[in-house]
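**Student:** Next comes the sequence, and after it the predicted model I'd like to discuss.
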Amino acid sequence: MSFAVRLGVSALALSVAAGSAFAQDDEFWAKAGEQFQGVTLRGVTEATPPSNYISDVLAPEFEEKTGIRVEIETTSWDQMYDKAIKDMEAGTGIYDMVYIEQDIVYAYLARDFLVNVTQALEENPDLKAPSFDEADFTTFADYFRGDDGDLYGIPMEAFIKIYLYRTDLFSDPEVQAAYKEKTGKDLAPATTHEDYQAIAEFFTQWGEDHDMDLWGTTAQAHTGHPASWYEYVESVAPTFGVYGWGIDPDNNYAATVENGGAMNSDAAKAALKWWLHMRDIAPPESVQSTWTEVATTFAAGRAAQGLVYGENAAWIASDDTKSRVVGNVGVALPPLQDGVMEAAESGEGYIGYYDGGAFGLPVTSKNRDAALLFLQYIGQESVQPGWAVAAPRITHTATYDDAGVQDMNTELGGYYDMLKDQGRLFAGAPAYPFHAQLREAVAPIFYEILTGSIEPDAGLDQMAEKAEQELTDLGYRQ
Amino acid sequence: MHSTKLGWLLLAPTLLVLFFFGVLPFIYVLYVSFHQWNPFAVNPDMVFNWAENYRRVVFDAQFLASLGVTAAFVFFAVISELILGYMLAQAFMKDFPGKAIFRTIHTLPLIMAPIIVGSIWKLMTTPSIGILPNLLDNWFGYDLNIGQSAIAAFVTTVIMDIWHWTPLVTLTLIAALVSLPPDPFEQAQIDGANKRQIFWHITLPMIRPAILATVFIRLMDALRTVDEVLMLTGGGPGSATRYVGVHIFKEVFPRTNYGYGSAISVVVLYLTIVACWLLYVGLIAPRNKKA
């Protein structure tokens, strides 16, 4: 048998097998949905590209296959938490699915807000979809496992906060020559803070000299929104070697240097001052920018480089209805201080923020079984490639090999390769059950630092003291 | 006797609604305010702590600062709305071309949800992108950046409130002006009174109850402003626009400090009642006594 014939027969066999598998899947969803006719599932999530895909694509597909109606409420980050927590705390059972950001999962688990999905599926084998397998997930799913190793949320987005830069500017011979003349160095994505700063200062000056709306860096530096605090503690401080917000959970949750913490350490102070300088040479809207506006600023072509959440990378790089820099986006690892990469490689530190979230099932849900079906639907391997192309998030190991994802990877300058190969160098938020409480206690001081009312050094001292006081009040620090 | 019973019977549904949605929640908030309760603490249960939360409120620099900026916000917003609302009401009492269209447009902000108002103003004030910074820069060379300048942020929130709520004042005052009898005005004109005298001695005293009712409503609304400001500035820059409503929101929701947040709410309610009482005593009671 010739190679061509063998290939043809194999392809035919594969397509028959795949078709048969899909038919079996459809049969399962239709049968499983029969007992839930008339049920309407309600979910609440943040209005992000991955969540919009659930609302616009996956929910209607699920409805069609099962007959179970799904209403997904996409709202702002603050409102999403407000609604979900109030619902679960009061036990009203309005929502059958809630978005669980990686950083809040420890608080939810501590309060027993979530259904153990692994256990629920073991106890209800009839509801177990043949196409759903926990083993398909990347290790990011581990963030949503309890102490028992069971899954409490279905990962639906996972991305890293990356260093984006404008390839058109970085490869422009005129720009390269001017940069070389000014700094004596070749223009390339920065690997150190000194280089990043030099590039940022150069482009801000370049924009001014050439009367362009161009600045050297983005800055997520809102003076009244926690986004600025997040950028500092999760994306900047770690690159200076300050991890876990500068709190040592193994040392009675110490935050001050005096007690063994690092929130007001010299490294933390250096990180903050460096970042404040970047803020000063960033576009003027930066003082009102959260993560969304940072992406918009970069997409508008107003910054030469910046730290941008990966969930926005796809539309910035490929959607010319929203972005002016399509085809001109490169990705790189964030700039680092000496020793940080070694610490990340050894597992003792990390170089940036691995963000993401899952869809969880509140114990207060009134439609638990139907919701379990929906969670499995969005956790199937088969729906992942389309989702990954629409919004750059990968939660399944096999998704990396999909042809569409590979094409997008090329368009994104190797973002998916970076996520796959170097994602391990990034980390999610520390496992603190007091995440929002501590943030809100220290954030007002941080905002005062941003406005210049308090000096950075004194501000960090105050933040560290306030953090310890808050943790004492909450009972975590003895 | 029969009519009294019937009266209570007719009132009963309203009183029940008021009890369940007004009185009962207030009693609950009062109860919570005497407890230490943060569901994300090591001990997530409510623990009775006497008046500790109230003692804390008195010494809470952040709360006192928010009270100060709120007082300034309320003062400037309500006074401006009253003056502007009165002028517009007087204008609408006269006929002019396009009056109906102008009156409709003028009323539109009233029907908008506060969160939308905040979003619109955020879009309008974002540096480099928003229309206001661009116009101010082109016309006056003024660099409006409400993320940086505390004064600019404060003034913008006041203007946003004026834009949103002046129509309410206008409509209330139009209703009051329309209902005024013409006789006193005609007599004053015959006696040779000028416009200023007519305003001070006839119009103002006659619409005083309507003005006071409007001030009470706006005062209470302005004291609990949250959505618009949260959307526009987040309470910043720093704490420049962290008004008490925003402060309570941040204490109660993201920080889940239910006990302490409830205590602040009760204190703010008390202060609101005191402010309204002072207004009443200062403006209405002397008149009644005199009469």
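**Tutor:** Done, it's in. Residues are numbered from 1 along each chain as shown, chains lettered A, B, ... in the order given.

**Student:** how about the host helix or strand of residue B:263: buried residues?
**Tutor:** Take DSSP states H and E as the rule and residue B:263 turns out to sit in helix B:258-283. Within helix B:258-283, the residues scored as buried using 16 or more other Cβ atoms under 10 Å in any protein chain shown are B:258-269, B:272, B:275-276. Glycine gets a C-beta too; all of them are placed from N, C-alpha and C.

**Student:** Are it and chain A in contact anywhere?
**Tutor:** No - if you take Cβ under 8 Å from any Cβ of the partner chain as the test, helix B:258-283 misses chain A, and the best it gets is 9.1 Å.

**Student:** what do you get for stretch B:16-31?
**Tutor:** No - counting by Cβ under 8 Å from any Cβ, chain A has no neighbours in stretch B:16-31; the shortest distance is 11.9 Å.

**Student:** Backbone torsions only: list them for residue A:248.
**Tutor:** phi -110, psi 100 (degrees, to the nearest 10).

**Student:** Which of the three states applies to the closest residue to chain A within the stretch 101-250 of chain B?
**Tutor:** Using Cβ to the nearest Cβ, the single residue of the stretch 101-250 of chain B nearest to chain A is residue B:236, 2.4 Å away. Following DSSP: H, G, I helix; E, B strand; the rest coil, the label given to residue B:236 is coil.

**Student:** Might one say that residue B:245 is in contact with residue B:223?
**Tutor:** Yes - counting by Cβ atoms under 8 Å, residue B:245 touches residue B:223, with 7.2 Å between them.

**Student:** Can you check which residues contact both of those two?
**Tutor:** Contact criterion Cβ atoms under 8 Å, 6 or more residues apart in numbering or on different chains; residues shared by residue B:245 and residue B:223: residue B:70.

**Student:** Roughly how far does residue A:97 sit from residue A:28?
**Tutor:** According to Cβ to Cβ, to the nearest Å, residue A:97 and residue A:28 sit 20 Å apart.

**Student:** more neighbours, those two?
**Tutor:** A count of neighbours by other Cβ atoms under 10 Å in any protein chain shown puts residue A:97 above the other of residue A:97 and residue A:28, at 29 against 20.

**Student:** Am I right that residue A:98 falls within a strand?
**Tutor:** Yes - under three-state DSSP, residue A:98 falls within a strand.

**Student:** mind listing what the closest residue to it other than its chain neighbours touches?
**Tutor:** Once flanking residues are discounted, residue A:98 sits nearest to residue A:84: 4.1 Å by Cβ to Cβ, 6 or more residues apart in numbering or on different chains. If you count contacts by Cβ under 8 Å, 6+ apart, residue A:84 has them with A:44, A:95, A:98-99, A:362.

**Student:** Could you count how many residues lie near the closest residue to residue A:265 other than its chain neighbours?
**Tutor:** Residue nearest to residue A:265 in three dimensions, not counting chain neighbours: residue A:257, with 5.3 Å by Cβ to Cβ, 6+ apart. Residue A:257 has 17 neighbouring residues, counting by other Cβ under 10 Å.

**Student:** I'd say residue A:257 and residue A:269 touch.
**Tutor:** No - here residue A:257 lies out of contact with residue A:269, judged by Cβ under 8 Å, at a distance of 10.1 Å.

**Student:** what about the strands in the chain?
**Tutor:** If you meant another chain, say so; for now it's chain A. With DSSP state E as the criterion, chain A has strands at A:40-46, A:69-75, A:97-101, A:154-166, A:305-309, A:329-332, A:354-360.

**Student:** Correction: the question concerned chain B.
**Tutor:** With DSSP E as the criterion, chain B has strands at B:35-36, B:47-48.

**Student:** interface residues of chain B facing chain A?
**Tutor:** By the rule Cβ under 8 Å from any Cβ, the part of chain B lying against chain A is B:38-44, B:62, B:122, B:126-129, B:143, B:145-148, B:150, B:230, B:233-242, B:250-251, B:253-257.

**Student:** So which of those residues belong to helices?
**Tutor:** When DSSP state H is applied, the residues of chain B next to chain A are split such that B:62, B:122, B:150, B:230, B:250-251 fall in helices.

**Student:** Out of those, which end up buried?
**Tutor:** Neighbour-count burial (16+ other Cβ under 10 Å) applied to those gives B:122, B:150, B:230, B:250-251.

**Student:** Which residues are in contact with the nearest residue to residue B:244 once chain neighbours are set aside?
**Tutor:** Leaving out its chain neighbours, the residue that sits closest to residue B:244 by Cβ to Cβ, 6+ apart is residue B:70, at 4.7 Å. Shown in contact with residue B:70 (Cβ under 8 Å, 6+ apart): B:223, B:243-245.

**Student:** Flag every buried residue along stretch B:213-220.
**Tutor:** For stretch B:213-220, by 16+ other Cβ under 10 Å, it's B:214-216, B:218-219.

**Student:** So which of those residues is the closest to residue A:295?
**Tutor:** Nearest to residue A:295 among those, counting by Cβ to Cβ, is residue B:218 at 38.6 Å.

**Student:** nearest spatial neighbour of the closest one, skipping sequence neighbours?
**Tutor:** Leaving aside its chain neighbours, residue B:218 sits nearest to residue B:78 (4.9 Å; criterion: Cβ to Cβ, 6+ apart).

**Student:** how much space between that neighbour and chain A?
**Tutor:** For residue B:78, the distance to chain A (Cβ to the nearest Cβ, to the nearest Å) stands at 24 Å.

**Student:** if we can go back for a sec, mind picking the two most distant members of the contacts of residue A:84?
**Tutor:** Farthest-apart pair in these is A:99 and A:362; separation 11.2 Å (Cβ to Cβ).

**Student:** higher neighbour count, the two?
**Tutor:** For residue A:99 versus residue A:362, neighbours defined as other Cβ under 10 Å are more numerous around residue A:99 (29 against 24).

**Student:** All set, thanks.
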